[in-house]
Structure formats: C-alpha cells, structure tokens
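J.: after the sequence you'll find the predicted model.
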Amino acid sequence: MLNETLRKRLAKDRPVTSITLRIPVDVVESLKAIAPRRGFNGYQTLLKAYVSEGLRRDEEAYAPGQVERLADALKRRGVPEKILDEALRDIA
C-alpha cells in the first residue's frame, strides 16, 4: 500500500513553485549534454530528476523510525543485541 507522502507525489495536479538556483555554467552545459542521452527533453527536467532521486534516497535513509525498525528486524533474525548496540552507537 502506498504511504501518504508517495501518494501525494504521484498526483498530477500537485502545486509547484518557481525557484532561482545559481549553478556554474559548466555544470549547466554538462546537464544539457547528458539530458538527451538519458531521455530527457531538457536539462531542467534532468535536474529535477536528480533532485528527486537524491531526495527519495535521503528520505528513506532518514525516515523516522527506520533505524529502529531495522534493528528490531535484525534482532528477530538472531543478531546479538551487543552487536546492534555497537552499530547504533557508530551511526549516532
């Protein structure tokens, strides 16, 4: 089942806003060169895709409770609590 955040992201009529972003000229040129090779009509669409990919990755990594759910799942599969505690301290 889709969670509410994902459901909102898939909506075609969601509101948008314009932003100003200063990007070095050479980066824009690279985006323009890569966009058609990745199947995008323009560099701005490619840029939005990059932002979306990074955002999804970070949202997954930093989702509330994600680490705790993983630790619980590992405990259920027999990973010793001492090892989990050490690993959790490493990422804190």
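T.: Alright, I've got the coordinates.

J.: what's the lengthiest helix in the chain in contact with?
T.: With secondary structure taken from DSSP state H, the chain has its longest helix at helix 43-62. Residues outside helix 43-62 that contact it (C-beta atoms under 8 Å, 6 or more residues apart in numbering): 5, 28, 31, 32, 34, 35, 38, 40, 66. Heads up, the C-betas are built off the backbone N, CA and C, glycines and all.

J.: can you tell me which of the residues you listed are in helices?
T.: Per DSSP H, the contacts of helix 43-62 map to helices at 5, 28, 31, 32, 34, 66.

J.: what's around the fifth one, how many residues?
T.: Per other C-beta atoms under 10 Å, the neighbour tally for residue 34 reads 13.

J.: cool, the second one as well?
T.: Counted with other C-beta under 10 Å, the burial measure for residue 28 works out to 13 neighbours.

J.: give the contact list for it.
T.: For residue 28, the contacting residues are residue 43, by C-beta under 8 Å, 6+ apart.

J.: pLDDT score for it?
T.: pLDDT, residue 28: 97.

J.: do you know how far it is from residue 22?
T.: Separation of residue 28 from residue 22 (C-beta to C-beta, to the nearest Å): 10 Å.
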